[in-house]
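Student: Got a sequence here, can you model it:
(2 chains)
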Amino acid sequence: MSKLESSARTTIETKSNAQKLLQVKNLTKVFTKGQGLVRSTILAVNDVSFSLELDRPEIFTVAGESGSGKSTVAKLILGFEVPTSGIIQYKGEELSTLRGKKEFMKDVQPVFQNPFETFNPLKKVESYFHETQKNFGMSKKNGDVAERCLELVGLSFREISGKYPNEMSGGQLQRASIARALITNPSLLIVDEPVSMIDASLRMSVINLFKKFKEEQGVSIIYITHDLATAYYVSDRISIMLRGQIVEIGSVKKVLDQPLHPYTQLLKSSVPLPDPANRWTKEIALSDMEAKEYGQKGCKFSGRCPHVMEICRVREPDYFEVDERYVKCYLYESGSGQSAV
Amino acid sequence: MSILSVENLKAHYVTEKRRKITRVLAVDGVTFHINKNEIYGIAGESGCGKSTLLKAMSGLIKPPLQVLEGEVKYHFDDRELDILALRGEKERREIRGARISHIPQGSMSVLNPVRRIRKSFEDIVGTHLGIRGGSEFEELVKSHIEALGLDWNVMHSFPHQLSGGMRQRITIALATILKPDVIFADEPTTALDVVVQRGVVQLIKKIKQEQQNTMVIVTHDLAIHANLCDRLAIMYAGRIVEEANVDDMFQTPKHPYTEMLLNSLPTLGDRSVRESAPGAPPSLVNPPSGCRFHPRCPKVMEKCRLEVPELIEVESGHQVACFLQEGRVYEQTRELGANYH
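Tutor: Next up, the predicted model:
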């Protein structure tokens, strides 16, 4: 595993010394597939580092295409998966000691993609509210806390009581799922593609909730998505993932207004705009090397990059700080890469 | 010149359980015409009846789906065809594939997982053209897939060996090899990554350009419609509420539902607050009276609760089903009338 050791050099250093809500350092997860001779490994998360400040609630987006490892990052932080190497610290404590502890589970709550899969179809929706309260030793007076949380998402206890998941619409159910996560008064919400299963006309009502929680409740949110448009709308910082690695990380306005990494540029230009006057005119090269890119030596994007250089195929680039963000690309090695693109 | 006309189509799902008849009004009085050589878009949320409309248009009526009223007529160069009147399965199979074809959503469920891609091509070419294998087959298929930018080597692969985007491109190649007059695409880019999605849009445009056929694109994604379509219809709860060419639809939407849909779309580069409409799309078992959008409409009037607004032309080529517009048209004609006298 010399590759892991060598890549451990590169870390995104954070300047302030304030205490962190969440610190992720050189996080790596290797999945193995098959056994014996047909055994193969996939680096799902490869040397990922980022952190969230304790006193400054923010919405941090982890964006990427399918297979970029963004959901694995969420699972690692929630403790569903054990990292192969690297550090996850929550409020200064190691996650390995926190995993499964009530205080941690109370403080970090998930919201998943498909609300119809989140809830057991044979159980009433309200039972999840009772159980969450019971599990975390909160007030037995049902309705109290639950009512308050449901109110935050624009529902009332009367609307969900006695109902099974199939009796509610996807939008309602997803909001109920978010309300459930809020019962324990968490400091960190991890939301994985929360609106991709919701109808277009209801999507923004859910997205706006996250904004409201951050501003009014001081909840930090890790927003995992493939949708750059909602990410731009709601988040403060963004990290773009490609094949398990973060290739660009910084403020969402900087990264998406003027993307620097060639992959971020491709990604941004591929987002269709709801404007017929702004159709795509340039043709893009279609590649079929999705699977190959995991094992790519050097930069994972070098096979498709229009600016590829000799070094890109040989050695993995470090993170370079340019214009208030970090970019994992040799184009910005000198620190003033603006002219290169 | 129109190639396909749908007149007052009513297609309902009718089920009976314990002598209680349930009727889902999936398509309830839909009229529109598709011109030869255009890309026509149908947009709407899940459960608005757009997929049922597509089924009826390709003559796939199987219980519990019933067509109660209306007709679907094709006007091919050499013949007129009432697809709902076709009785024999043999006749219908001849039409499907050769004259009209279908690009489905889930490319995994279309391609047979235990047969090589080549076999799927052999099936369709063999059935319709009687060419079974040999150099003639190879020449035909090769010229087609190479024109679409695919590599001949994929023919020897199994579906699982290909990426999702590649499979979708193969499915599109399969659907278009017979150069059909009309192509229906049901959510052709949903569940694909943004970069791959852009590739598929590019491919659809290319086919249109080469084969000069008519396309009907059904998707909930308005950004895809903006990029691809010439004209667009917006469906809500089983009915068309607005129809216009794409530029007019996005610049001057007239129906409150269309306005709301377009206003809720987040765009890169714009962080202004977006709101969703209150409420959720209605159930089609028991839809609201009058205009089906009235419970969610911010501009609702008494009349909307009682009467069904007709689709009327308010500007050249721009049709809207809303009483607000009817009033405007009435005012205009009265003014005209006053000037005339």
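Student: Next up, the contacts around the closest residue to chain A within the stretch 1-150 of chain B.
Tutor: Relative to chain A, the nearest point of the stretch 1-150 of chain B is B:Glu45 (4.2 Å; CB to the nearest CB). C-beta here means a position set from N, CA and C on the backbone, and glycine is covered the same way. By CB atoms under 8 Å, 6 or more residues apart in numbering or on different chains, the residues touching B:Glu45 are A:Asp199, A:Ala200, A:Ser201, B:His220, B:Tyr236, B:Pro281.
Student: following the worst-scoring helix or strand of chain A on mean pLDDT, which helix or strand comes up?
Tutor: Of all helical and strand segments in chain A, the minimum by mean pLDDT, DSSP states H and E falls on helix A:2-7, at a mean of 41. Sequence-wise, the next helix or strand downstream of helix A:2-7 (DSSP states H and E) is strand A:20-33.
Student: Give the other helices and strands that that following strand contacts.
Tutor: Here strand A:20-33 touches strand A:40-53, helix A:70-78, strand A:85-90, strand A:220-225, going by 3 or more CB pairs under 8 Å, 6 or more residues apart in numbering or on different chains; DSSP states H and E.
Student: ok, 10 Å please
Tutor: Other elements packing on strand A:20-33 under the criterion 3 or more CB pairs under 10 Å, 6 or more residues apart in numbering or on different chains; DSSP states H and E are helix A:2-7, strand A:40-53, helix A:70-78, strand A:85-90, helix A:95-98, strand A:188-192, strand A:220-225.
Student: Now tabulate those in TSV and tack on distance to chain B.
Tutor: Shown next, in TSV, are the helices and strands packed on strand A:20-33 (distance: least, CB to the nearest CB, whole Å):
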stretch	distance to chain B
helix A:2-7	24
strand A:40-53	14
helix A:70-78	12
strand A:85-90	26
helix A:95-98	30
strand A:188-192	16
strand A:220-225	11
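Student: what about these, which gets the closest to A:Phe112?
Tutor: Smallest distance to A:Phe112 across the helices and strands packed on strand A:20-33 (CB to CB): 5.7 Å, for strand A:188-192.
Student: Tell me the strands beside that closest one, with direction?
Tutor: Strand pairing for strand A:188-192, determined by DSSP bridges: strand A:108-111 (parallel), strand A:220-225 (parallel).
Student: among those, which is the most enclosed?
Tutor: Ranked by mean neighbour count, those are led by strand A:220-225 with a mean of 25 (mean count of other CB atoms under 10 Å in any protein chain shown).
Student: okay, it in PDB with CA atoms only?
Tutor: C-alpha atoms of strand A:220-225 as PDB (Å, rounded to 0.1, in the frame of the first residue of the first chain):
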ATOM      1  CA  SER A 220     -24.200  22.500  10.100                       C
ATOM      2  CA  ILE A 221     -25.100  20.400   7.100                       C
ATOM      3  CA  ILE A 222     -23.100  18.200   4.800                       C
ATOM      4  CA  TYR A 223     -25.100  18.200   1.600                       C
ATOM      5  CA  ILE A 224     -24.300  15.300  -0.700                       C
ATOM      6  CA  THR A 225     -25.500  15.800  -4.300                       C
END
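Student: per-residue pLDDT, residue 9?
Tutor: You didn't pick a chain, so chain A it is. With respect to pLDDT, A:Arg9 has a value of 41.
Student: meant chain B actually
Tutor: On the pLDDT scale, B:Leu9 gets 95.
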